[in-house]
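Chemist: Generate a structure from the sequence data that follows.
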Amino acid sequence: MSDDELTSDEAEPTADSEKSQKPMRRNFNPMPFYFRTAIMILISYFVFYAFGYSLLIMFMLLIEVNLLRRTWEILSSYSYGFVRKAAYFNAGQSIVYLIILAINGFTITQSGVPFILPEIEGLTLICPLLIMAALFGTTNILQMYVPDLK
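Modeler: Numbers count the residues shown, from 1 in each chain. Alright, predicted model coming up:
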């Protein structure tokens, strides 16, 4: 049978048809997520300047747990190739940046010099921004695409 002969009521999706399936998109306005992300970035830098790296790392860990929960939700309810790859990418990069933030934050408080890539000045302070960008991307995926019908 060709794809033209199949309807959504007649056939079970196979591995080949899932890969060729086009993602269904919703009407989407990203402005609320821009503002929420900007506010969270401001809060994270306020936490850093008021309390230091230890509370900033804990705040980013809470954000990371939220991001990983959303990634799991995407992976369990979406079969679109691009959507799944984007979720993996966002989760992976946010984990890397959290590790850089944690290790460099600890070594900066102990010795004053970051351990990971000390020649890149300000890398540690950019990490919260990049973690929030990954959360922004994951949230946009959830709001932009329609989950698979099961």
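Chemist: which is the next helix or strand following the lowest-mean-pLDDT helix or strand in the chain?
Modeler: Lowest by mean pLDDT, DSSP states H and E among the helices and strands of the chain is helix 15-20, with a mean of 48. Downstream of helix 15-20, the first helix or strand assigned by DSSP states H and E is helix 31-51.
Chemist: tell me what the next helix or strand after that next one is packed against?
Modeler: Later in the chain than helix 31-51, the nearest helix or strand by DSSP H and E is helix 53-77. Applying 3 or more C-beta pairs under 8 Å, 6 or more residues apart in numbering; DSSP states H and E, one finds that helix 53-77 contacts helix 31-51, helix 81-111, helix 123-144. (C-beta placed from N, C-alpha, C; glycine too.)
Chemist: Quick one: closest of those helices to Ile74.
Modeler: Checking those against Ile74 by C-beta to C-beta gives helix 81-111 as the closest, at 4.2 Å.
Chemist: Give me the mean pLDDT for that closest one.
Modeler: For helix 81-111, mean pLDDT is 95.
Chemist: and that helix, which residues are buried?
Modeler: 83, 86-87, 90-91, 94, 97-98, 100-102, 104-105, 107-108 (16 or more other C-beta atoms under 10 Å).
Chemist: for stretch 69-79, same thing?
Modeler: For stretch 69-79, using 16+ other C-beta under 10 Å, the buried residues are 70-71, 74, 78-79.
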